[in-house]
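Participant: Structure of the sequence below:
(one chain, ligands or ions: 1)
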Amino acid sequence: MRKNLLDFNYEELVEEFGKLGLEKFRVDQVWDWIYKKKVFDFEAMTNLSKENRSLLSERFYIYIPELLDMQISAIDKTTKFLWKLEDGNTIESVLLFHPDRVTACISTQVGCPAKCVFCATGQSGFVRNLSAGEIVSQIIAMESHRRVNIGNIVYMGMGEPLLNYIEVVKSVKILNHKKGKNISMRRISISTVGIPEKIIELANDLPEVKLAISLHAPTNYKRDIIVPMNKKYSVEEIIHAAKEYQKITKNRVTFEYILIREFNDFVDDAEKLAQLLKGMGAYVNLIPINPIPSSGELKLERPHHWAIERFKEVLDKHNIENEIRKEKGTDIDAACGQLRRRHKG
Ligand code: SF4
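Facilitator: Numbers count the residues shown, from 1 in each chain. So this is what the prediction gives:
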């Protein structure tokens, strides 16, 4: 049976090509066509002989997800993609344009088991993990469709990356490989709701990759309500793992904090957050929530402008570095899972 070539890392491909009697430099050539020239058909790889092209076609194919929908923001060019995978499942990816770089936000699972109450993906349930090739293919497909060179990657789309650990780590190594996309580890960031043992594993396996933890509340009482996985891994366990991660990697951890009106935007919440992060040298991204339909008792409304500023002032007072995240793509379905949900009707 033919296999998706994108699911193989460099070393595995050298071995696979070897079995076909192809030298190592043939892997370099094929990766150059795929990652640099965005050519996904062996027949168009003209520096391979006809014989080698057909050998490769018999053993491999290169699966690039089918584009179902693409929305481009008229305000800031933020581009949201909806892809169809080989088995008919759909996933999203986003391109974010900054003055000096293009950042890609990619998915790691179809759906997500974490079920965060403010997230359309979490509400849609979990279907399956993505393979390393399916993760990597989002990058090359976006570059190919929008003719851009992606300089930064955030694993922050659909899914909880650390629940698909092996494929996520493999995809990072493929994207980082100097013969392929060659993205520096330092320009790759993995965002998690916080799975303590996996955070430590990540620190050892990919010490240069950046880590972002979606905390969203400073106490277990409040976090249990909005991030159900907190019932399994408490705030204290996550902070402990983050401190260990910092010790091992010497990297600063970023904490994401979605601000929800009259739920977690009080001075008391900010004080508790500051206490929790005291002495860590951590960075906090404050993200005022985009209004979405309420979940049960909880109203998911954007805080008042003054409440956002008040929260920030408390963190500033305690010397916790932070910023209020500027929204991107406000005129399109840019938040995670929205485009996919709309297509499902
Ligand atoms: S916010 Fe992230 S971790 Fe939470 S349900 Fe959505 S995709 Fe999963």
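Participant: Does residue 168 belong to a helix, a strand or coil?
Facilitator: Residue 168 carries the three-state label helix when classified by DSSP: H, G, I helix; E, B strand; the rest coil.
Participant: wouldn't it be in contact with residue 108 here?
Facilitator: Yes. Residue 168 is within contact range of residue 108, at 5.5 Å (criterion: C-beta atoms under 8 Å). Heads up, the C-betas are built off the backbone N, CA and C, glycines and all.
Participant: Overlap of the contact sets of the two?
Facilitator: Taking C-beta atoms under 8 Å, 6 or more residues apart in numbering as the contact criterion, the common neighbours of residue 168 and residue 108 are 135, 155, 161.
Participant: Report the buried members of the residues you listed.
Facilitator: Among the shared contacts of residue 168 and residue 108, those that count as buried by neighbour count (16 or more other C-beta atoms under 10 Å) are 135, 155, 161.
Participant: Inside helices: which ones of those residues?
Facilitator: In this view, those that belong to helices under DSSP state H are residue 135.
Participant: Return the member of the buried ones among the shared contacts of residue 168 and residue 108 nearest to the ligand.
Facilitator: Using C-beta to the nearest ligand atom, the shortest approach to the ligand within those belongs to residue 161, at 8.7 Å.
Participant: okay, now the residue of the stretch 51-200 of the chain found nearest the ligand: neighbour count?
Facilitator: With C-beta to the nearest ligand atom, the shortest gap between the stretch 51-200 of the chain and the ligand falls at residue 122, namely 2.5 Å. Look at residue 122: counted by other C-beta atoms under 10 Å, it has 24 neighbours.
Participant: so what's the closest residue to residue 195 other than its chain neighbours up against?
Facilitator: Spatial nearest neighbour of residue 195, chain neighbours left out: residue 162 (4.5 Å); criterion: C-beta to C-beta, 6 or more residues apart in numbering. Contacts here follow C-beta under 8 Å, 6+ apart; on that basis residue 162 touches 168, 190, 192, 195, 198, 199, 202.
Participant: Go again with 7 Å.
Facilitator: 192, 195, 198, 202 (C-beta atoms under 7 Å, 6 or more residues apart in numbering).
Participant: interface residues of the stretch 1-150 of the chain facing the ligand?
Facilitator: 112, 114, 115, 116, 119, 121, 122 (C-beta under 6 Å from any ligand atom).
Participant: now do 5 Å
Facilitator: Residues of the stretch 1-150 of the chain found near the ligand (C-beta under 5 Å from any ligand atom) are 112, 114, 116, 119, 121, 122.
Participant: Filter those residues down to the ones in helices?
Facilitator: When those are checked against helices using DSSP H, the ones located there are 121, 122.
Participant: Show me which of the residues of the stretch 1-150 of the chain next to the ligand is closest to residue 140.
Facilitator: Each of those was scored against residue 140 by C-beta to C-beta, and residue 121 proved nearest at 22.6 Å.
Participant: Which parts of the stretch 101-250 of the chain are strands?
Facilitator: In order along the chain, the stretch 101-250 of the chain carries the following strands (DSSP state E, counting those that start in this stretch): 102-105, 109-111, 126-129, 152-155, 188-192, 210-214.
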